[in-house]
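Asks: The sequence isn't on hand, but the structure is:
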């Protein structure tokens, strides 16, 4: 089942759904290579392809998103390398390509690196709103609030 674009179900279903969603990006990357315009390809890669899985990064636990994130990152690297005709097989070169545009780099996000923080931030943000919406004080709400505080303390150390 899918609710608001996020897979709901057992772990194997969620992982296969995420991977098939990531694999669907192959079509977009193939189209980028037909443009013969490196700047246009880079902009579409950064703003369209690279952001496709960010919603899943916020709503799916990173352990379940790991295979899809790895596939997505490898596809991004390959498309970038082919579109701009640059060799980025060296991990240091690829790391530099993934630094923000404000630092003069290409701004390609590595989903494997940001998905844990994205998931924790979304979860923590969701838990902050519970006291205002549910004043019942039952044991479940109390337990969730305690977990939210734990996540907040983890975020403070990251």
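Replies: Received the coordinates, thanks. None of these values were measured; they are calculated from a predicted model. Numbering: from 1, shown residues only.

Asks: centre of the chain versus the host helix or strand of residue 81, how much separation?
Replies: With secondary structure defined by DSSP states H and E, residue 81 is part of helix 62-84. Its chain's C-alpha centre and that of helix 62-84 lie 10 Å apart, by C-alpha atoms, centre = their mean, to the nearest Å.

Asks: buried stuff in it?
Replies: By neighbour count on 16 or more other C-beta atoms under 10 Å, the buried set for helix 62-84 is 62, 64-66, 68-69, 71-73, 75-77, 79-81, 83. (C-beta placed from N, C-alpha, C; glycine too.)

Asks: tell me the two of these that are most distant?
Replies: Distance extremes for the buried residues of helix 62-84: the farthest pair is 64 and 83 at 29.8 Å, using C-beta to C-beta.

Asks: one step back: contacts for the helix or strand just after the helix holding residue 81 next, please.
Replies: Per DSSP H and E, helix 62-84 leads on to helix 91-97 as the next helix or strand towards the C-terminus. Applying C-beta atoms under 8 Å, 6 or more residues apart in numbering, the contact partners of helix 91-97 are 77, 80, 86, 87, 88, 105, 106, 108.

Asks: okay if I get those as a markdown table plus distance to residue 11 and pLDDT?
Replies: Output for the contacts of helix 91-97, formatted as a markdown table (distance: C-beta to C-beta, whole Å; pLDDT from 0 to 100):
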| residue | distance to residue 11 | pLDDT |
| --- | --- | --- |
| 77 | 27 | 88 |
| 80 | 31 | 86 |
| 86 | 37 | 81 |
| 87 | 37 | 84 |
| 88 | 32 | 82 |
| 105 | 35 | 80 |
| 106 | 34 | 83 |
| 108 | 29 | 83 |
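
Asks: Can you tell me which of those residues has the most neighbours?
Replies: Sorting these by how many neighbours each has (other C-beta atoms under 10 Å) puts residue 80 first, at 25 neighbours.

Asks: Assess the claim that it and residue 98 are in contact.
Replies: No - if you go by C-beta atoms under 8 Å, residue 80 and residue 98 don't touch, sitting 9.6 Å apart.

Asks: Quick check: neighbours shared by the two?
Replies: The contact sets of residue 80 and residue 98 overlap at 106, 108 (C-beta under 8 Å, 6+ apart).

Asks: count of neighbours near residue 58?
Replies: By other C-beta under 10 Å, the residues close to residue 58 number 19.
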